[in-house]
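*Asks:* Take a look and give me a structure for this.
(one chain, ligands or ions: 1)
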Amino acid sequence: MKLAYTTQDLAMLTHLKNVLEEQGIECVLRGQHLLGGVGELPPIECWPELWVVDEERQPEALSHIKALLSPAGTDDNPWACGECGEESPATFSECWHCGTASPALRAAC
Ligand SMILES: [Zn+2]
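*Replies:* Model (predicted):
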């Protein structure tokens, strides 16, 4: 088995599991029993984990998860400048207003 994803958000993890299983990728959730006290953030090592049973399908599972977590069309949305707050079209790599690099461009660096 290989770890595919971990998050504090058990509902999201369950959703991902369902979607992957629809794709015929067998997976299991681990660690959700560790989520204890209500209103108390569990430390990261207690986060529930999504494991892919067939290790060879893990890359495929990861690409599904990536697609699910960044819905189609997101890249076409305008982005807000972190410096001045002005919105620039997705095709701009720098803020039209102040020239600050877009978050996507910074993430790529
Ligand atoms: Zn700006």
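
*Asks:* who in this protein is up against the ion?
*Replies:* Taking CB under 5 Å from the ion as the contact definition, the chain meets the ion at 81, 83, 84, 86, 95, 97, 98, 100. Yep, even glycine has a C-beta here, placed from its N, CA and C like the rest.

*Asks:* filter those residues to the buried ones?
*Replies:* Listed as buried from those are 81, 95, 100; burial here means 16 or more other CB atoms under 10 Å.

*Asks:* Let me know the closest of those to residue 28.
*Replies:* Checking these against residue 28 by CB to CB gives residue 81 as the nearest, at 42.6 Å.

*Asks:* ok, that closest one to residue 88 distance?
*Replies:* Note on residue 81: its distance to residue 88, by CB to CB, to the nearest Å, is 7 Å.

*Asks:* between these two, what contacts are shared?
*Replies:* Residues touching both residue 81 and residue 88 (CB atoms under 8 Å, 6 or more residues apart in numbering): 95, 97, 102.
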